[in-house]
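Engineer: how would this look folded up:
(2 chains)
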Amino acid sequence: MAAFVVRRVVIGAITLLIVTALAYVLMNMAPGGPAAIISMTSTAAQRAALEKLYALNQPLPIRYAAWLWQAVHGSLGTSYDFQEPVLTVIGQRLPNTAILAGVALVASILFGVPLGTWAAVSRGRWLDQLISSATMLGLSIPDFWMGIVLVIVFSVTLRWLPASGMTSSQGGGGGGLGPHLVLPALVLTLAFMPNIVRFTRSSMLEVLHLDYIRTAHAKGAAGRRVLYVHALRNALIPVVSMIGLLFAALISGSAIVESVFAWPGIGRLAVQATSDRDYPMIMGVTVVLGAIVIATNIIVDVLYGVLDPRIRYE
Amino acid sequence: MSRASVTPPATELDVAVATPEGSGNRRLRQFLRNPIGVVAVAVLVILYLSAFFAPLIYHVSPTATNPIGSLLPPGPGHPLGTDDLGRDELARIIAGGQLSLVVGVVAMAVSVLVGTLVGLLAGYFRGGVEMVLMRIVDAWLAVPALVLILVEVTTFGDSPAVIILVIGFTYWPQVARIMHGETLSLRQREYVEASRALGSPQWRVMLRHILPHLVPSAIVSGSLAVAWSILTESALSYLGLGIQPPLASWGNMLQNAQSYVYLDPMLAILPGLFIVLTVLAFNVLGNALRDVL
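Structural biologist: Residues are numbered from 1 along each chain as shown, chains lettered A, B, ... in the order given. Next up, the predicted model:
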């Protein structure tokens, strides 16, 4: 077990290293180099000065090595936009994304697992067809458009909920975090939950075919008990591993939802950094998000073995 | 091969494995029996035909602006009204459709080609090749797709050709994972071992005995990849990082629409409905194909 965890962590670290190298090389392939982007009208001398300031005149491998050396020592450089350490800015934004993505993840599991289970149990009947069709529709609606439509309905027409931001500065009623969180969290949940419903359904269908379920029925166990105690417990194991794999998709979705609702999270930060060509920030966001996704997957893998004793770690 | 012929009531799996290309007719007939799949195909045919042939009938320019005719409601001359710059909404929906529909298909081709190649090589050769390729796949999947795309767009710019490539090169690891798994199970089959035992060269075993069996999975993945690519292009263009104005795409039409939701909500709703319709049709088609192939 300990050996397995160590091995997964080592592989995770190598994966993260590949991520940083890929991102670094990709960004430095920009025509004219990063300095050309800082100002289009800059003279050659100004460019040279800027290149010197940001150490852009060194060869690529040396710059990457320097970046990596700093990163290992806890610094991801200074943002061009904010003129503040990249990690400080990311640290301020990360909790906001955690709130949004966390609420959406919990809500997706809370509603998605029962829906998937119901669909599997009533396979082929109208309830299954209803849930499966709704799932398919959910997977086909762009999350940002769903956000705009909900703003039209709940903010513009009904005036029930704020359309953007995290808190309102004007004071008065409805300025708190709660009302601001409703629409973004709803959109992210509706975008993410179909994955959970779909996967729970297919996982449950697989388990329901197994011999031990028939045995449980034959022994005379009550139908509900067989379903929720015998079947669901085993069906949920692959769902847990799926959530690990889908975590990256949740973060992508969050970035878009944050942009629609002007939610000051890390995803919106990434989008802004891209528009402004804030290279250290883009690099920083990529590394931090990559590390979070990799760590989540390691935790999920370990959890998998705890939930399913049949899995043996070599 | 012999199993299918010795025991006449062969299961579908046996037939599919024995003659991957010979059973095309049976599969087509099976597909045609599924009304939902057929409707999806019809919807897609109509969407593609109208995107490319409507301009022959409808001659209004999608880029001509008109400052005194902005945000007009639907009426004579402008069947769907005009946007914030007075451009004809219907003409932009048509032009946007051309771009979005082509981006989806070409990006899919890129991701399916690269993904199948990588999955096939990793699964067939195992060992070091597999180790290196699948680690790259893992690294690619560890970065949220949108962030990866942002990095790529920062570097390569935002021309339509770049957007297509970037979207294709973001989705391929998903395809590679599926193809890797399939190849791993295919190479254990007896007929593959038999071919190797007979001394067939490696490339021949791969191309003749494994690749044809990957085609059904490639088609299903491809259909879902188009759906994903269209969704991604629209999100990217909505964020202002994809297809750039004055070119129209269904995504970038929504970019400004959000500022005018109070004045003209229809502007925000119409392009989205077309995205949903197209993506839904490709997702439904992918599911219907999976049931048949």
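
Engineer: can you pull the residues of the stretch 151-300 of chain A lying near chain B?
Structural biologist: Within the stretch 151-300 of chain A, the residues that sit near chain B (C-beta under 8 Å from any C-beta of the partner chain) are A:151-152, A:156, A:245, A:248-249, A:251-252, A:255-256, A:259-260, A:267, A:270-271, A:273-275, A:277, A:279, A:282, A:285-286, A:289-290, A:293-294, A:297. To be clear about C-beta, it is placed using only N, CA and C from the backbone, and glycine gets the same treatment.

Engineer: which among these count as buried?
Structural biologist: Neighbour counting over these (16 or more other C-beta atoms under 10 Å in any protein chain shown) leaves A:151-152, A:245, A:248-249, A:251-252, A:255-256, A:259-260, A:267, A:270-271, A:273-274, A:277, A:279, A:282, A:285-286, A:289-290, A:293-294, A:297 as the buried ones.

Engineer: which ones among the residues you listed lie within strands?
Structural biologist: Nothing among these maps onto strands, per DSSP state E.

Engineer: inside helices: which ones of those?
Structural biologist: A:245, A:248-249, A:251-252, A:255-256, A:259-260, A:267, A:270-271, A:273-274, A:279, A:282, A:285-286, A:289-290, A:293-294, A:297 (DSSP state H).

Engineer: list phi and psi for residue B:242.
Structural biologist: Dihedral pair for residue B:242: phi -110, psi -130, per degrees, to the nearest 10.

Engineer: which residues of chain B fall in helices?
Structural biologist: Under DSSP H, chain B gives helices at B:2-6, B:12-18, B:24-32, B:35-57, B:89-125, B:127-142, B:145-156, B:160-186, B:190-197, B:202-204, B:211-238, B:253-257, B:266-292.

Engineer: would TSV of the ones you listed with mean pLDDT and mean neighbour count be doable?
Structural biologist: Below are the helices of chain B laid out as TSV (pLDDT from 0 to 100; neighbours: other C-beta atoms under 10 Å in any protein chain shown):
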stretch	mean pLDDT	mean neighbour count
helix B:2-6	37	11
helix B:12-18	40	14
helix B:24-32	81	12
helix B:35-57	89	14
helix B:89-125	92	22
helix B:127-142	86	17
helix B:145-156	82	24
helix B:160-186	90	21
helix B:190-197	87	14
helix B:202-204	86	10
helix B:211-238	91	24
helix B:253-257	83	22
helix B:266-292	90	21
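
Engineer: for the closest residue to residue A:58 other than its chain neighbours, give its distance to chain B.
Structural biologist: The shortest distance from residue A:58 to any non-neighbouring residue, by C-beta to C-beta, 6 or more residues apart in numbering or on different chains, is to residue A:66 (7.4 Å). As judged by C-beta to the nearest C-beta, to the nearest Å, residue A:66 and chain B stand 19 Å apart.

Engineer: show the pLDDT at residue A:66.
Structural biologist: For residue A:66, the pLDDT comes out at 86.

Engineer: what number of residues lie near it?
Structural biologist: 13 (other C-beta atoms under 10 Å in any protein chain shown).

Engineer: now do it against residue A:83, distance only.
Structural biologist: Separation of residue A:66 from residue A:83 (C-beta to C-beta, to the nearest Å) stands at 20 Å.

Engineer: also residue B:194?
Structural biologist: Note on residue B:194: its distance to residue A:83, by C-beta to C-beta, is 67 Å.

Engineer: which residues sit in contact with residue 249?
Structural biologist: Since you didn't name a chain, this refers to chain A. Counting by C-beta atoms under 8 Å, 6 or more residues apart in numbering or on different chains, residue A:249 touches A:192, A:195, B:144, B:145.

Engineer: let's do chain B instead
Structural biologist: B:96, B:99, B:100, B:103, B:233, B:234, B:237, B:242, B:243.

Engineer: can you tell me which two in those residues are farthest apart?
Structural biologist: B:96 and B:242 (11.5 Å; C-beta to C-beta).

Engineer: between these two, which contacts overlap?
Structural biologist: Common neighbours of residue B:96 and residue B:242 (C-beta under 8 Å, 6+ apart) are B:249, B:252.

Engineer: Three-state assignment for the residue lying closest to residue A:276 once chain neighbours are set aside, please.
Structural biologist: Spatial nearest neighbour of residue A:276, chain neighbours left out: residue A:81 (5.4 Å); criterion: C-beta to C-beta, 6+ apart. Classification of residue A:81 using DSSP: H, G, I helix; E, B strand; the rest coil returns coil.

Engineer: any part of stretch B:175-188 near chain A?
Structural biologist: No. Counting by C-beta under 8 Å from any C-beta, no contacts exist between stretch B:175-188 and chain A, the nearest distance being 9.5 Å.

Engineer: any idea how far residue B:162 is from residue B:56?
Structural biologist: From residue B:162 over to residue B:56 the distance is 29 Å, taken as C-beta to C-beta.

Engineer: now do residue A:235
Structural biologist: The gap separating residue A:235 from residue B:56 is 53 Å, by C-beta to C-beta.

Engineer: same question, residue B:33
Structural biologist: Taken as C-beta to C-beta, the span from residue B:33 to residue B:56 is 35 Å.

Engineer: over to residue A:118?
Structural biologist: 49 Å.

Engineer: so what's the residue nearest the centre of chain B up against?
Structural biologist: Centroid-nearest residue in chain B, with C-alpha atoms, centre = their mean: residue B:226, separated by 1.2 Å. Counting by C-beta under 8 Å, 6+ apart, residue B:226 touches B:104, B:105, B:107, B:108, B:282.

Engineer: one more time with 6 Å
Structural biologist: Neighbour list for residue B:226: B:104, B:105, B:108, B:282 [criterion: C-beta atoms under 6 Å, 6 or more residues apart in numbering or on different chains].

Engineer: show me where chain A has its helices.
Structural biologist: Under DSSP H, chain A gives helices at A:2-27, A:35-38, A:44-53, A:60-72, A:86-121, A:126-140, A:143-150, A:177-208, A:211-218, A:223-225, A:232-260, A:266-276, A:279-307.

Engineer: mean pLDDT for these: which is lowest?
Structural biologist: Note on those: helix A:35-38 shows the lowest mean pLDDT, a mean of 53.

Engineer: which parts of chain B sit against chain A?
Structural biologist: Contacts of chain B with chain A, taken as C-beta under 6 Å from any C-beta of the partner chain, map to B:138-139, B:142-147, B:150-151, B:154-155, B:231, B:234-235, B:238-239, B:258, B:261-262, B:265, B:268, B:272, B:275-276, B:279-280, B:283.

Engineer: please repeat the previous calculation with a cut-off of 7 Å.
Structural biologist: Within chain B, the positions adjacent to chain A are B:135-136, B:138-139, B:141-147, B:150-155, B:227, B:231, B:234-235, B:238-241, B:254, B:258, B:261-262, B:265, B:268-269, B:272, B:275-276, B:279-280, B:283-284 by C-beta under 7 Å from any C-beta of the partner chain.

Engineer: what residues are up against the residue nearest the centre of chain A?
Structural biologist: In chain A, the centroid-proximal residue (C-alpha atoms, centre = their mean) is residue A:251; its distance is 2.0 Å. Contacts for residue A:251 (C-beta atoms under 7 Å, 6 or more residues apart in numbering or on different chains) come out as A:101, A:267, A:289, A:293, B:144.

Engineer: repeat that for residue A:177.
Structural biologist: Contacts of residue A:177 by C-beta under 7 Å, 6+ apart are A:166, A:167.

Engineer: same question, the one 10 residues further on
Structural biologist: With C-beta under 7 Å, 6+ apart as the criterion, the residues that contact residue A:187 are A:143, A:146, A:147, A:150, A:257.

Engineer: who wins on neighbours among the residues you listed?
Structural biologist: Neighbour-wise, the contacts of residue A:187 (other C-beta under 10 Å) top out at residue A:257, 30 neighbours.
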